[in-house]
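**Q** Need coordinates for the following:
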Amino acid sequence: MFRRQRNSFLGCFFTVSGGFLLLSLAPQFNLSAWTAGAYGTSYLFGVMAGSFLVSAASKKLKTENIYFLSPLGVFILLLSQIFFDSFLYLLAARFLFGFFIGSDYPISQVFFSSQCHTTFKAKGLTLLMSSWYWGAIFAILVFWLASLFSVSPEILLAAPALIPLVVLLTRLPYFSNTSKTSKKGSRDDFSSPISEHWSKESLLNLGFLCVFWTCQCIPVTVILLFGPSIMEALGFSGSGSFFQLGVTYIFFFIGSSCSYLIIDKFTRKFLALITFALMALCLIPLLWADSVSLWIIVFAFIGYAASYGLQTTLDYVYPNEIFDVKIREQAIGILTCVTRFISGLSAFFFPYFLSNFSISSIIISAVFILVTGFISTYLFAPTDDSSKQK
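**A** Coordinates of the predicted model:
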């Protein structure tokens, strides 16, 4: 389980670190709003491409090799950034970070859910999702310390190589064991052509989860990728910006951790509905960010973060309960691909919107997206009985 958690940790660390890196890279390379958006988005499009490749060609690929090579590729790319002084290379490297991380997403979830006992699966998946926020909190800590000691951008780009190195070392025993037994096993249970095993109900559930995950992802992706810029627009600066982001990400983690206690006490649909409603309500005070106290903004973000953290565990629980094991890897890959593509587009345009529209207009858009998620969940979410499949 801890091997799976480290992939989520690494994924969120790269997502959050992009916003801080942009603060130092923007003046160094004289980035415009569009190139800044491209830097933030390239990682998401990389995740989309990697996830799509594995889910579409999993039957032809030795995914146990990808499970080992993913952190190795990230480790090499991070170190290589020391030797290049080109923004285009940094852009390409960030895309490849996302590609390697994205290729790992479907594998990790399917391996975990297939090996986990049914009675513990939902709670285990909530723990797996919680590790995502460890990466966010660690990124805040790293870049806060870097700001205190005026660490150069070159070191900031390469230093995170220690994380995939640790992941790589923890996966070596697993890779060694699977290499010895790979000829004896078969992956027929984990993948199939898209035309097989997909019932009408599975396709409808896939459509619902694409909408559910997208409505959830767009607002938070912007916060994770461009958190420092958003904090500045809301009136925070310096240490106050790190404090607000740190508190927000801690409550992401607290919310997801609390879901461990309640995931089996409420229906999935009720949990999705109540958290969509709470997230929208908590963002509404930010419409008056220019006139309200900074503490109101702090508590608004805390409420949003806790509600979001509580809901995000459904991102892992829903697919692993709704879809049969024969199509689960494909379903997770498609979900990751679709949602990262749409979130990537929103992230690409966000720097432009931030420089040309008020922060209130952006908050209104976020609330509208969350209300859309609430309505679609109310209308199309599967019942609790139909979601708990084998």
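
**Q** got any ranges where the stretch 151-300 of the chain has weak pLDDT?
**A** Counting by pLDDT under 70, the stretch 151-300 of the chain contains low-confidence residues at 171, 173-197, 237-241.

**Q** what's the neighbour count on Gly46?
**A** Neighbour count for Gly46, taken as other CB atoms under 10 Å: 25. C-betas here are computed from N, CA, C, even on glycine.

**Q** What residue, apart from its backbone neighbours, is nearest it spatially?
**A** The shortest distance from Gly46 to any residue other than its chain neighbours is 2.4 Å, reached at Gly98 (CB to CB, 6 or more residues apart in numbering).

**Q** what separates the one you found from Leu10, distance-wise?
**A** Noted for Gly98: a distance of 11 Å to Leu10, by CB to CB, to the nearest Å.

**Q** which residues does Pro319 contact?
**A** Pro319 makes contact with Gln109, Leu209, Arg328, Ala331, Ile332, Leu335, according to CB atoms under 8 Å, 6 or more residues apart in numbering.

**Q** Pull the number of nearby residues for Phe52.
**A** Number of residues near Phe52 (other CB under 10 Å) recorded here: 21.

**Q** helix or strand for it, which one?
**A** Using DSSP states H and E, Phe52 sits within helix 33-57.

**Q** just to revisit the earlier point, just name the closest of the contacts of Pro319 to Ala26, please.
**A** For those, the residue nearest Ala26 by CB to CB is Leu335; the value is 32.3 Å.

**Q** Spatially nearest residue to Leu165, not counting backbone neighbours?
**A** Phe75 (5.4 Å).

**Q** now stretch 276-283: how far from the chain's centre is it?
**A** 20 Å (CA atoms, centre = their mean, to the nearest Å).

**Q** follow-up on the earlier one: the residue nearest to Gly46: which element?
**A** Assigned by DSSP H and E, Gly98 falls within helix 87-115.

**Q** before we move on, what about Glu232?
**A** helix 200-233.

**Q** Mind giving me the packing neighbours of that helix?
**A** In terms of contacts (3 or more CB pairs under 8 Å, 6 or more residues apart in numbering; DSSP states H and E), helix 200-233 is packed against helix 2-29, helix 33-57, helix 239-262, helix 268-283, helix 294-322, helix 325-356, helix 359-380.

**Q** okay, now the nearest residue to Cys217 once chain neighbours are set aside: neighbour count?
**A** Leaving aside its chain neighbours, Cys217 sits nearest to Ser343 (4.6 Å; criterion: CB to CB, 6+ apart). Neighbours of Ser343 under the rule other CB under 10 Å: 26.

**Q** Wait, Ser343 touches Gln216, no?
**A** No - assessed by CB atoms under 8 Å, Ser343 is found out of contact with Gln216, at 9.6 Å.

**Q** how about the helix holding Glu232: buried residues?
**A** Neighbour counts over helix 200-233 (16 or more other CB atoms under 10 Å) mark 202, 205-206, 208-232 as buried.

**Q** The residue nearest to Gly46: neighbouring residues, count only.
**A** That count, for Gly98 with other CB under 10 Å as the rule, works out to 27.

**Q** List the contacts of it.
**A** The contact partners of Gly98, by CB under 8 Å, 6+ apart, come to Phe14, Ser42, Tyr43, Leu44, Phe45, Gly46, Val47, Met48, Ala49, Gly50.

**Q** need those in TSV with distance to Phe357, can you?
**A** Converted to TSV, those look like this (distance: CB to CB, whole Å):
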residue	distance to Phe357
Phe14	27
Ser42	23
Tyr43	24
Leu44	21
Phe45	24
Gly46	28
Val47	27
Met48	26
Ala49	30
Gly50	32
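
**Q** can you put those residues in JSON lines and add distance to Leu145 and pLDDT?
**A** Converted to JSON lines, those look like this (distance: CB to CB, whole Å; pLDDT from 0 to 100):
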{"residue": "Phe14", "distance to Leu145": "18", "pLDDT": "80"}
{"residue": "Ser42", "distance to Leu145": "26", "pLDDT": "89"}
{"residue": "Tyr43", "distance to Leu145": "22", "pLDDT": "86"}
{"residue": "Leu44", "distance to Leu145": "26", "pLDDT": "83"}
{"residue": "Phe45", "distance to Leu145": "30", "pLDDT": "88"}
{"residue": "Gly46", "distance to Leu145": "27", "pLDDT": "88"}
{"residue": "Val47", "distance to Leu145": "27", "pLDDT": "84"}
{"residue": "Met48", "distance to Leu145": "32", "pLDDT": "84"}
{"residue": "Ala49", "distance to Leu145": "33", "pLDDT": "86"}
{"residue": "Gly50", "distance to Leu145": "30", "pLDDT": "83"}
